[in-house]
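Q: no sequence for this one, just the structure:
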């Protein structure tokens, strides 16, 4: 059994490709950038690319493939978007149809793949700096919430920003802001610190996605733009075909977390 | 006569819109971000947007309009790309056809406008820091060169990076690098300092575009990615229709130079 925690991005993708890895990727291939995957047909790819360009904080673009080409040659040369994700979700007109482990039955010559930055990159940086990441401590998924922040629409794509939340003390929140603003391709600095109601979140204990986590005495909720946003918006547009990774089952790139750090 | 040096972006655009301003814009509306304009039909807009996404240093995106919409609502709400540039260039299949002062005869419902960052933004920051900008001192256009650096192609768009050159002492070059890296949406830090031959430039005194400038004893040539790149690449792709600003006759936004400064 290969220890996938210390695998390279390429080794991890190989395990997914041969069907040995079909589970979630958090904590695996540590130090390698993990990415959200969104695949749409060419005829709406301009709209989606424009949506990402207009909303870089929830939708930080790491790579976009040429139509029909399954190789993300900038983020992971030699990789194959059809096989290298542990598990996919396939939607038709906004309905989840299948959870395949490869896309051979779905791929077409007009499909464009988008790889988008993910919070794991900055969470690793936070933990290295001694800042706690509660859902990792609790061994559950990060809590995520729909907000009242409207994304800038583009063509058929429109909808609210989804945010993730990690509870921190005010001093930790300040340090986290300094660290995360160095990672614009991994959602950057928090979009909000404190009162959830300001974002239209009624109950912090009932996230729209993921699991609730404990907010301790002396801590405030800290909110980051979340990579679920582009998927939620894409699903809502009900395109004829939409392929994504299954949440938590990410595409692992050849990029190192430090490659995304500015300065 | 209005003093256009101290005009706002909106005042300058108004002068262009009513036909009072048909000349170059350097030195006007000081402190406001000036932008390169590229307009292409929707059917190749995905390729062009992808080209800009893959080559952010020569092609820093400030705004992209919805197909058919002439208003760049993020960079200049209320502006009109059809009228607010002092002079345009109109190409068919890569051939320059006309130099109109408005685009009413050219605009179509499927056109997409791209506004791209421009070197004036970082030149202002350099001059404020006491770093000389030779072509401004000499009252001529900046020298620009085709290089041996291939841009990352996207669809029909491919070609070499074009760079601009400003001679500096090594100490000034270092200070300029520190300043310019704070402006990723205005081409960022220099792409090369020193020997022009490393970029495939045979003769520094014979630029491919613009005017030659004096390189003094103790100075080295410093090269920046240039906003002429996307236009040169777009022209070379010979699309059925391509509209741009006439060089030096820029679109002036509502953004302030300081808005583009990171941190």
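A: Cool, the structure landed. On a predicted model such as this, the values are computed, not experimentally measured, just so you know. Numbers count the residues shown, from 1 in each chain, chains lettered A, B, ... in the order given.
Q: Assumed residue A:96 was part of a strand.
A: Yes: counting by DSSP: H, G, I helix; E, B strand; the rest coil, residue A:96 is located in a strand.
Q: Enumerate the beta-bridge partners assigned to it.
A: Residues in a beta bridge with residue A:96, per DSSP bridges, are residue A:91.
Q: And it, how far from residue B:219?
A: 62 Å (CB to CB, to the nearest Å). Glycine gets a C-beta too; all of them are placed from N, C-alpha and C.
Q: Can you give me the domain boundaries for chain A?
A: Following automatic domain parsing, one finds the domains of chain A at A:7-18+A:34-119+A:235-260, A:120-229.
Q: Residue A:96 and residue B:219 - which one has more neighbours?
A: The residue with more neighbours, out of residue A:96 and residue B:219, is residue B:219; 17 against 13, by other CB atoms under 10 Å in any protein chain shown.
Q: Spit out the contact partners of that one.
A: Going by CB atoms under 8 Å, 6 or more residues apart in numbering or on different chains, residue B:219 touches B:167-169.
Q: what's the closest non-adjacent residue to it?
A: Take residue B:219 and drop its neighbours on the chain: the residue closest to it by CB to CB, 6 or more residues apart in numbering or on different chains is residue B:167, 4.2 Å away.
Q: That neighbour is in what secondary structure piece?
A: Using DSSP states H and E, residue B:167 maps to strand B:160-168.
Q: Please name every helix or strand in contact with that strand.
A: helix B:134-137, strand B:144-150, strand B:220-225, helix B:228-236 (3 or more CB pairs under 8 Å, 6 or more residues apart in numbering or on different chains; DSSP states H and E).
Q: mind running it again at 10 Å?
A: In terms of contacts (3 or more CB pairs under 10 Å, 6 or more residues apart in numbering or on different chains; DSSP states H and E), strand B:160-168 is packed against helix B:120-128, helix B:134-137, strand B:144-150, helix B:170-180, strand B:192-193, strand B:220-225, helix B:228-236.
Q: mind listing what it pairs with, with the direction of each?
A: The strands beside strand B:160-168 in its sheet (DSSP bridges) come out as strand B:144-150 (antiparallel), strand B:220-225 (antiparallel).
Q: Need the ones you listed in TSV (columns: mean pLDDT and mean neighbour count).
A: Below are these laid out as TSV (pLDDT from 0 to 100; neighbours: other CB atoms under 10 Å in any protein chain shown):
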stretch	mean pLDDT	mean neighbour count
strand B:144-150	96	19
strand B:220-225	98	24
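Q: Turn the ones you listed into CSV, including distance to residue B:121.
A: Listed next are these as CSV, based on distance: least, CB to CB, whole Å:
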stretch, distance to residue B:121
strand B:144-150, 17
strand B:220-225, 11
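Q: hang on, the earlier thing: relative to residue B:248, which of the contacts of residue B:219 is nearest.
A: Using CB to CB, residue B:167 comes nearest to residue B:248 of the contacts of residue B:219, at 20.6 Å.
Q: Which per-residue confidence value corresponds to the closest one?
A: At residue B:167, the model reports a pLDDT of 98.
Q: What distance do you get for the residue of chain A found nearest chain B to residue A:52?
A: Closest approach of chain A to chain B (CB to the nearest CB) occurs at residue A:46, with a separation of 3.9 Å. From residue A:46 across to residue A:52, the span is 11 Å (CB to CB).
Q: Are there residues contacting both of those two? Which ones?
A: A:154, B:49 (CB atoms under 10 Å, 6 or more residues apart in numbering or on different chains).
Q: got the residues of the stretch 101-250 of chain A near chain B?
A: Neighbours of chain B within the stretch 101-250 of chain A, by CB under 10 Å from any CB of the partner chain: A:112, A:152-155, A:181-182, A:184.
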